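Student: coords below, sequence missing:
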Ligand SMILES: [Zn+2]
């Protein structure tokens, strides 16, 4: 049920918003090593898990995704913090939720 999970970010975009509000990444987008495809996968991964379990104010799901994708976890997390993603739901809202192509 809505409200049963915890989110740190003030407002979450929904997939219904995506056609009216295309957001561009803030900060230096070139520092990432994820591809646009991987960012889209991360977005879907976080969406499913955050809706089910909420955010515990850590990068637990993002870390899992990076590890399972064979990416360097700490450099990517540092970059995501730089982009405003200080926990899983903020990565979802501020980082993965963006037009990455
Ligand atoms: Zn959060």
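Tutor: Ah, there it is. Because the structure is a prediction, the values reported are computed rather than measured.
Student: which parts of the chain are helices?
Tutor: 36-53, 60-68, 73-82, 88-90 (DSSP state H).
Student: and the ion, is the third one touching that?
Tutor: To tie it back to what came earlier, the one meant is helix 73-82. No. Remark: helix 73-82 sits outside contact range of the ion, by CB under 5 Å from the ion, the gap being at least 11.9 Å. Quick note: C-beta positions are derived from backbone N, CA and C, even for glycine.
Student: return the distance of the closest residue to residue 63 other than its chain neighbours relative to residue 52.
Tutor: Excluding the flanking residues, the one nearest residue 63 by CB to CB, 6 or more residues apart in numbering is residue 73, at 5.7 Å. Per CB to CB, to the nearest Å, residue 73 is found 22 Å from residue 52.
Student: these two: which is more packed in?
Tutor: Between residue 73 and residue 52, residue 73 has the larger neighbour count (other CB atoms under 10 Å), namely 15 against 9.
Student: give the contact list for the more buried one.
Tutor: 63, 66-67 (CB atoms under 8 Å, 6 or more residues apart in numbering).
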